[in-house]
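Novice: here's a sequence, model it:
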Amino acid sequence: MADVAVVRKRVKTAIEQARRDQAERRGRVADATKAYDAFLEGAAIPVFKMFANILKSEGLHFEVMTPAGGVRLQSERQRDDSIEMELDTTADPPQPLVTVTRVRGSRIVQSDRSIKGSHPLVQLTEDDVIEMLLEELRPWLN
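Specialist: Modelled structure (predicted):
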């Protein structure tokens, strides 16, 4: 049988390591939130607005909504059809998460994906947002 003192020491060490890991994770989340907010304001929201204007000029009515910490391109005709981006803080490191919701008859199909694989947030650009929107909008462009 294992010695209680040895097991207790190992448990205490594991608790201390978990606390250090959690503190480091909180720091990474705080840094990612700052970077994401800058990315959202400087790249994502302007690109979503540009797409909404272009789509309207082509007869496809979409509007942009900016809920706290995110941006959504939503169909004016079918409110459940949308592409939304927000920061996924459950991932390590935190990543922008794109949620696409499409209505298929009476069903609502929802899928989640990252913008560009596992690239660090600071490496994402306007072009990455444009490519993601072009890819995800394809079913609505007929």
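Novice: sheet partners, orientation included, of the lengthiest strand in the chain?
Specialist: Using DSSP state E, we find that the single longest strand of the chain is strand 95-104. In the sheet, strand 95-104 lines up against strand 82-88 (antiparallel), strand 107-114 (antiparallel) (DSSP bridges).
Novice: for residue 73, which three-state class applies?
Specialist: Using DSSP: H, G, I helix; E, B strand; the rest coil, the secondary structure recorded for residue 73 is strand.
Novice: report the separation between it and residue 35.
Specialist: Residue 73 is 22 Å from residue 35, where distance means Cβ to Cβ, to the nearest Å. All C-beta spots, glycine's among them, are computed from the backbone N, C-alpha and C.
Novice: looking at the two, which is more packed in?
Specialist: Ranked by neighbour count (other Cβ atoms under 10 Å), residue 73 and residue 35 place residue 73 first, with 24 against 18.
Novice: who does the more buried one bridge with?
Specialist: Going by DSSP bridges, residue 73 is paired in beta bridges with residue 64, residue 83.
Novice: isn't it right up against residue 64?
Specialist: Yes - if you go by Cβ atoms under 8 Å, residue 73 and residue 64 touch, sitting 5.9 Å apart.
Novice: so which residue is smack in the middle of the chain?
Specialist: Among the residues of the chain, the one closest to the centroid is residue 97, at 1.9 Å (Cα atoms, centre = their mean).
Novice: that one and residue 59, how far apart?
Specialist: Distance from residue 97 to residue 59, by Cβ to Cβ: 30 Å.
Novice: ok, now residue 103?
Specialist: Distance from residue 103 to residue 59, counting by Cβ to Cβ: 19 Å.
Novice: between those two, which has more neighbouring residues?
Specialist: Set residue 103 next to residue 59 and count neighbours by other Cβ under 10 Å: residue 103 wins out with 14 against 6.
Novice: any idea what the nearest residue to residue 112 once chain neighbours are set aside is bridged to?
Specialist: Leaving aside its sequence neighbours, residue 112 sits nearest to residue 99 (Cβ to Cβ, 6 or more residues apart in numbering; 5.2 Å). In this structure, residue 99 bridges to residue 84, residue 112 when assessed by DSSP bridges.
Novice: can you start the count at 6 instead of 1 from here on
Specialist: Understood, numbering begins at 6; the last thing we discussed is residue 104.
Novice: no more questions from me, cheers.
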